[in-house]
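Novice: Have a look at this prediction, sequence included:
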Amino acid sequence: MTTAACSAAPGSSASLGQSPAGLEQVPLTIVSSGKTHRFTVEVAASPQEQQTGLMYRQEMARDHGMIFPFDEVRIASFWMKNTYIPLDLIFVRKDGSIANIAENAVPMSLEPIYSDGDVAAVLEINGGESAELGIKAGDKVSWGK
């Protein structure tokens, strides 16, 4: 199953319930250099959820994050407006491979952060976690299984 089709529907067997923010949570894995890294991610599915993202949050648990699946592949542009914690932005192609990673995005910055080409989703995790785990471009991401 491709990444674009991996997001879980509310109440599906992959669902881990709702986050305190009211978003559906699903399991996500990244396979990197033969290792599997597991995360619990909130799914920002609607335009409103995607616009808000992780704004106003003061902290995020380790091995947690937020996935922003898109209806159609496109070049993605994100910023850190009203985002208080540093984040790694992982841009995911339709085939589930990582296109690029913007590490330690600066909190509160209005500078746009772009994907390297068309992507099907963007994953946000705690800043520095990608480097710590050895996650890199080309690694495979899947969620909602």
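Specialist: Thanks, I have it.
Novice: buried set for the helix or strand of the chain with the lowest mean pLDDT?
Specialist: Least confident helix or strand of the chain, by mean pLDDT, DSSP states H and E, is helix 47-52 with a mean of 94. Buried residues in helix 47-52, counted by 16 or more other Cβ atoms under 10 Å: 49-50, 52. In this view, the C-beta of every residue, glycine as well, is placed from N, C-alpha and C.
Novice: Which single one of those residues is nearest to residue 102?
Specialist: residue 50 (16.8 Å; Cβ to Cβ).
Novice: which residues does the closest one contact?
Specialist: Residues counted as contacts of residue 50 (Cβ atoms under 8 Å, 6 or more residues apart in numbering) are 44, 68.
Novice: And residue 34, how close does it get to residue 99?
Specialist: 21 Å (Cβ to Cβ, to the nearest Å).
Novice: Please identify which of the two sits among more neighbours.
Specialist: residue 99 (19 against 5; other Cβ atoms under 10 Å).
Novice: Surely the more buried one forms part of a strand?
Specialist: Yes: the assignment for residue 99 is a strand, going by DSSP: H, G, I helix; E, B strand; the rest coil.
Novice: Now do the same contact list for it.
Specialist: Contacts of residue 99 (Cβ under 8 Å, 6+ apart): 91-93, 115-117, 119, 137.
Novice: Can you flag which of the residues you listed belong to strands?
Specialist: 91-92, 115-117, 119 (DSSP state E).
Novice: for the chain, what are the low-confidence residue spans?
Specialist: Low-confidence segments of the chain, defined by pLDDT under 70: 1-13, 145.
Novice: Just give me the residue right at the centre of it.
Specialist: residue 123 (1.3 Å; Cα atoms, centre = their mean).
Novice: Once you drop chain neighbours, what's closest to it?
Specialist: Leaving out its chain neighbours, the residue that sits closest to residue 123 by Cβ to Cβ, 6 or more residues apart in numbering is residue 90, at 4.1 Å.
Novice: Strands of this protein, start to end?
Specialist: So, for the chain - with DSSP E - the strands run 25-32, 35-43, 64-78, 87-92, 98-105, 113-126, 140-143.
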